[in-house]
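Colleague: Test case, fold it:
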Amino acid sequence: MKTTGPLDGIRILDLTAVVMGPYATQTLGDLGADIVKVEPPSGDNLRAVGPMRHAGMGAMALHLNRNKRSIVLDLKQPEGREACLRLAAGCDALIYNTRPQAMARLGLGYEAVAAANPKIVYLGAFGYGEEGPYAGKPAYDDLIQGAAGVASLFAQQSGDAPRYAPVTLADRAVGLQAAIALLAAVLHAQRTGRGQAVEVPMFEALSQFVMGDHLGGHSFEPPLGPTGYARLLAPHRKPYATADGYLSVLIYNDKHWQAFFDLIGRPELRSSPMFGTHTARAANIGAVYAFVAEVMATRGSDEWMALLEAADIPVARLHSTESLIDDPHLRAVDFFPEFDHPSEGRIRTLAPVGRYSATPAGIRRMAPRIGEQSVELLREAGYGDEEIDRLLARGITLQPAPPKDNDE
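Modeller: From the prediction side, this is the model:
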């Protein structure tokens with residue numbers, strides 16, 4: 001299938017699994033890069049996460065693996081390693097998210113890959129930077145959310161026990177950073193002809209994400225106060241309960257506050273010591289949010305929506321993950337497009353983010369079955385039919401059977 005996105009012509013060898021790495025490469029694939037996904041004979045573990053119509057084709061895998069081609073290689077076997085290096089010779093970048101020590105044991109460390117392709121960008125997205133004492137420790141989204149302070153922020157705001165964000169926050173935030181880092185290094189390689197090894201450690205990346213908001217008084221030495229951004233940690237910083245539901249409201253700048261005071265019939269608060277300036281509100285943010293919470297409970301959601309929108313005060317209805325699918329704005333921009341998958345039938349996915357006037361991002365390939373393009377990719381790497389048949393016979397690679405009818 002012809003790619004048309006801004007990364008058309010870039011080929012990336014994807015040795016990642018689960019969410020973080022596949023999200024990075026899904027993003028790059030949506031932008032037109034040719035993503036060659038290398039999987040073990042058992043497939044990426046995320047393929048087993050349901051719901052699903054057929055084994056190995058779980059819902060999350062369908063989204064994260066679109067715009068990719070799948071090849072199965074048993075990298076623990078010399079022939080599988082050799083095939084991987086031959087694929088790398090024709091790629092602009094290789095990305096992995098296992099520990100670097102595991103890549104070295106497979107004979108696929110940077111030196112080995114660079115020997116096959118000196119211009120390649122070799123990017124590892126893994127738990128902890130190699131120069132620190134945590135190097136080599138295992139890392140998963142939950143662990144990194146806890147280590148980087150996300151779980152404790154929930155506890156600090158709510159007064160309840162620490163908990164994780166109910167999204168793969170670390171995987172996806174760091175996955176985006178990995179995609180940016182890979183593109184930066186590929187651009188450098190194209191300008192200079194020199195590849196390089198790149199590290200994107202999850203712990204450091206998510207710590208930057210968190211502490212960009214919360215370094216606070218420790219931005220100065222000696223500190224001018226504690227860590228933490230008071231507005232984000234205020235207990236009432238949450239959707240406001242109305243008389244019949246909830247709304248998300250952010251009364252932020254002076255113009256918003258003046259309009260709000262007029263709206264609720266309290267114009268005298270415009271000049272009060274607590275509400276009169278941005279600095280005063282920030283210093284008393286807990287009491288300010290508590291005041292708004294009390295006022296919001298006096299009217300219903302529809303009435304508040306009409307009043308706040310008329311006053312140009314930022315407000316949004318509260319969605320659940322179910323109702324978000326039917327949001328009129330997302331429907332208008334075709335955010336949840338539907339496709340007929342060759343083996344999985346009718347599926348709904350998520351549109352690429354952003355608009356490109358000349359080189360549109362898009363969904364050009366449905367998520368492949370395990371090893372669906374194994375033979376195709378081996379031929380592109382220069383393997384002949386007899387060599388491919390030998391790799392198939394020995395289980396070094398595999399090619400799935402043609403898809404069966406969806407109603408079986």
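Colleague: Going along the chain, name the strands of the stretch 101-250 of the chain.
Modeller: 121-126, 196-201, 240-241, 246-249 (DSSP state E, counting those that start in this stretch).
Colleague: same check, this time on the stretch 301-408 of the chain
Modeller: Going by DSSP E, counting those that start in this stretch, the stretch 301-408 of the chain shows strands at 315-317, 338-341, 345-348.
Colleague: picking that back up, which one of the strands of the stretch 101-250 of the chain has the most crowded surroundings?
Modeller: strand 121-126 (a mean of 26; mean count of other CB atoms under 10 Å). C-betas here are computed from N, CA, C, even on glycine.
Colleague: what's the angle between that one and strand 196-201?
Modeller: Counting by axes from the mean of the first three to the mean of the last three CA atoms, to 10 degrees, strand 121-126 points 20 degrees away from the direction of strand 196-201.
Colleague: Partner strands of strand 121-126, with direction?
Modeller: strand 93-96 (parallel), strand 196-201 (parallel) (DSSP bridges).
Colleague: what residue lies at the spatial centre of the protein?
Modeller: residue 172 (2.4 Å; CA atoms, centre = their mean).
Colleague: Count the residues that sit near the residue nearest to it when sequence neighbours are not counted.
Modeller: Using CB to CB, 6 or more residues apart in numbering and skipping residues adjacent in sequence, the residue nearest residue 172 is residue 23, 5.4 Å away. Look at residue 23: counted by other CB atoms under 10 Å, it has 24 neighbours.
Colleague: go on, residue 61?
Modeller: What residue 61 shows, counting by other CB under 10 Å, is a neighbour count of 24.
Colleague: quick one: contacts for it?
Modeller: By CB atoms under 8 Å, 6 or more residues apart in numbering, the contact list for residue 61 reads 44, 46-47, 49, 367.
Colleague: Tell me which helix or strand it sits in.
Modeller: Taking DSSP states H and E as the definition, one finds residue 61 inside helix 59-64.
Colleague: I'd like the next helix or strand past that helix.
Modeller: Next along from helix 59-64, by DSSP H and E: strand 68-72.
Colleague: Pairing partners for that following strand, with directions?
Modeller: strand 34-39 (parallel).
Colleague: For residue 154, list the residues it contacts.
Modeller: Counting by CB under 8 Å, 6+ apart, residue 154 has contacts 160, 162-165.
Colleague: ok, the residue of the chain most remote from its centre to residue 197 distance?
Modeller: Distance from the C-alpha centroid of the chain, by CA atoms, centre = their mean, peaks at residue 268 (45.8 Å). Using CB to CB, to the nearest Å, residue 268 is found at 63 Å from residue 197.
Colleague: cool, and residue 342?
Modeller: For residue 342, the distance to residue 197 - CB to CB - is 37 Å.
Colleague: rewinding a little: for residue 184, which of the strands of the stretch 301-408 of the chain is the nearest?
Modeller: strand 338-341 (31.8 Å; CB to CB).
Colleague: who does the closest one touch, helix- and strand-wise?
Modeller: strand 345-348 (3 or more CB pairs under 8 Å, 6 or more residues apart in numbering; DSSP states H and E).
Colleague: residues making contact with the strand it packs on?
Modeller: 53, 62, 325, 336-341, 366, 406.
Colleague: go again using 6 Å as the cut-off
Modeller: 62, 336, 338-341, 406 (CB atoms under 6 Å, 6 or more residues apart in numbering).
Colleague: repeat for stretch 160-169
Modeller: Contacts for stretch 160-169 (CB under 6 Å, 6+ apart): 19, 141-142, 145, 151-152, 154-155.
Colleague: Pull out the buried residues from stretch 76-84.
Modeller: 79-84 (16 or more other CB atoms under 10 Å).
Colleague: And for stretch 180-196?
Modeller: 181-183, 185-186, 189, 195.
Colleague: helix/strand/coil for residue 13?
Modeller: Following DSSP: H, G, I helix; E, B strand; the rest coil, residue 13 is assigned to strand.
Colleague: Which pLDDT value goes with it?
Modeller: Note for residue 13: predicted pLDDT of 98.
Colleague: Pull the number of nearby residues for it.
Modeller: The burial count for residue 13: 28, using other CB under 10 Å.
Colleague: Next, the distance between the ends of stretch 122-136.
Modeller: 18 Å (CA to CA, to the nearest Å).
Colleague: Which of the residues in stretch 340-359 are classified as buried?
Modeller: For stretch 340-359, using 16+ other CB under 10 Å, the buried residues are 341, 343-344, 347, 349, 352.
Colleague: Name the nearest of the residues you listed relative to residue 230.
Modeller: Nearest member of the buried residues of stretch 340-359 to residue 230, counting by CB to CB, is residue 352, at 36.4 Å.
Colleague: Quick check: the residue nearest to residue 172 touching residue 174?
Modeller: No. Between residue 23 and residue 174 there is no contact under CB atoms under 6 Å: 8.9 Å.
Colleague: picking that back up, export the strands paired with strand 121-126 to TSV and append columns for mean pLDDT and distance to residue 69.
Modeller: Formatted as TSV, the strands paired with strand 121-126 follow (pLDDT from 0 to 100; distance: least, CB to CB, whole Å):
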stretch	mean pLDDT	distance to residue 69
strand 93-96	98	15
strand 196-201	98	23
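Colleague: Let me have those in TSV, extended by distance to residue 248.
Modeller: Shown next, in TSV, are the strands paired with strand 121-126 (distance: least, CB to CB, whole Å):
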stretch	distance to residue 248
strand 93-96	36
strand 196-201	32
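Colleague: And these: which comes nearest residue 240?
Modeller: That would be strand 196-201 among those, by CB to CB, at 37.7 Å.
Colleague: ok, residues contacting that closest one?
Modeller: Contacts of strand 196-201 (CB under 6 Å, 6+ apart): 110, 122-125, 128-129, 177-178, 181, 185.
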